[in-house]
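Chemist: Sequence unavailable; structure follows:
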């Protein structure tokens, strides 16, 4: 996620900011423009309307008016809605169809964290040209809590709906599950990225005419899914050597999970590279004879960098990230090592996303 600048005073602001700490301007993210904007009340145009500010109070977009997402009242969203849009919820919040009992303060706090992660996912998918898209809907979300005597809520995807157990927003609960399942990485954004991969498998792979290429690389998804997962969990820590072909041990369970784990990993890569590029990060990897310098390039900038160029930047970037974490006594933020087999699958995802984006741009 890149950093932004206040449109009014150019001070540094962030994706989750609601006010510029330098000039005091109200801030909101504009999904239609994919940017943070400084806003001023537009009382003359109607109640609850805001206008976008530029330097010196100019109107950089011709004076388009916005309303705040109605979830702003709970301090649960900082997205804005164009004034001519009849929806009261922003493009991200309207995707959530089911919520737990929000009169429970714990559930409200959990859902705020989950929605923040979902907005981050929305941004990345939108930058990739996947969402929002004319004529194509994105996934819908159900955030549910376990109830006494009720069935256990499982995180997963089914027919376009992504379900997440809100207990995943509790750090202690998530850490326990990470240890119990032998996972080195488990986060809210990781869950949402993984499950979005299941959603996009259908339009990009199955409906995109790429099923044969997928099966050659990932395997045949028609094998029994439930039996494959049972076998994976039965093996536990004795899952075998998966690292030569997969990004994670869970990816080895079934071709669908391989795809979803690879998809999530690709989104990890895109997001971290964009963040580093926005800070103009350049990395020199120490070497006995000749040090190598890598300048991180924004994956969304034109012309878009080639996949292998992103990988060349990714490896030293994650080495530095882990080294910084260790210097603070923390575990590796990126506990992975990409094999050539995993890179081939990441390239497959990259190519599908690129073709989809080009087709969408050509249809505009």
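Modeler: Yes, it's here. Predicted model only: the values in this text are computed from it and were never measured.

Chemist: quick one: low-confidence ranges for the stretch 201-350 of the chain?
Modeler: 236-240 (pLDDT under 70).

Chemist: For it, which segments count as helices?
Modeler: Secondary structure of the stretch 201-350 of the chain by DSSP state H, counting those that start in this stretch: the helices cover 211-218, 225-235, 255-278, 307-327, 340-362.

Chemist: quick one: contacts for residue 5?
Modeler: 11-13 (Cβ atoms under 8 Å, 6 or more residues apart in numbering). Placement of C-beta: from N, CA and C, glycine included.

Chemist: between these, which is nearest residue 197?
Modeler: residue 13 (30.2 Å; Cβ to Cβ).

Chemist: so that closest one sits right up against residue 35, yeah?
Modeler: No: look at residue 13 against residue 35 with Cβ atoms under 8 Å: they stay out of range, at 10.6 Å.

Chemist: These two: which has the busier surroundings?
Modeler: Using other Cβ atoms under 10 Å, the more surrounded residue of residue 13 and residue 35 is residue 13, with 23 against 14.

Chemist: Report the contact partners of the more buried one.
Modeler: With Cβ under 8 Å, 6+ apart, residue 13 has these contacts: 3-6, 20, 27, 36.

Chemist: at 10 Å instead, please
Modeler: 3-7, 19-22, 25, 27, 36-38 (Cβ atoms under 10 Å, 6 or more residues apart in numbering).

Chemist: out of these, who has the most neighbours?
Modeler: residue 38 (28 neighbours).

Chemist: and the helix or strand that contains it, what does it pack onto?
Modeler: Here residue 38 sits within strand 35-41, counting by DSSP states H and E. Applying 3 or more Cβ pairs under 10 Å, 6 or more residues apart in numbering; DSSP states H and E, we find strand 35-41 packed against strand 4-5, strand 12-13, strand 26-30, strand 49-53, strand 65-68, strand 80-82.

Chemist: swap the cut-off to 6 Å and go again
Modeler: Secondary structure elements in contact with strand 35-41, counted by 3 or more Cβ pairs under 6 Å, 6 or more residues apart in numbering; DSSP states H and E, are strand 26-30, strand 49-53.

Chemist: returning to that earlier point: quick one: the contacts of residue 13 as TSV, columns for distance to residue 291 and pLDDT too.
Modeler: Output for these, formatted as TSV (distance: Cβ to Cβ, whole Å; pLDDT from 0 to 100):
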residue	distance to residue 291	pLDDT
3	27	95
4	32	97
5	32	95
6	37	95
7	39	92
19	42	96
20	39	96
21	38	96
22	37	95
25	43	95
27	40	97
36	36	95
37	41	95
38	41	95
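
Chemist: so what's residue 228 up against?
Modeler: Contact analysis of residue 228 by Cβ atoms under 6 Å, 6 or more residues apart in numbering lists 253-254.
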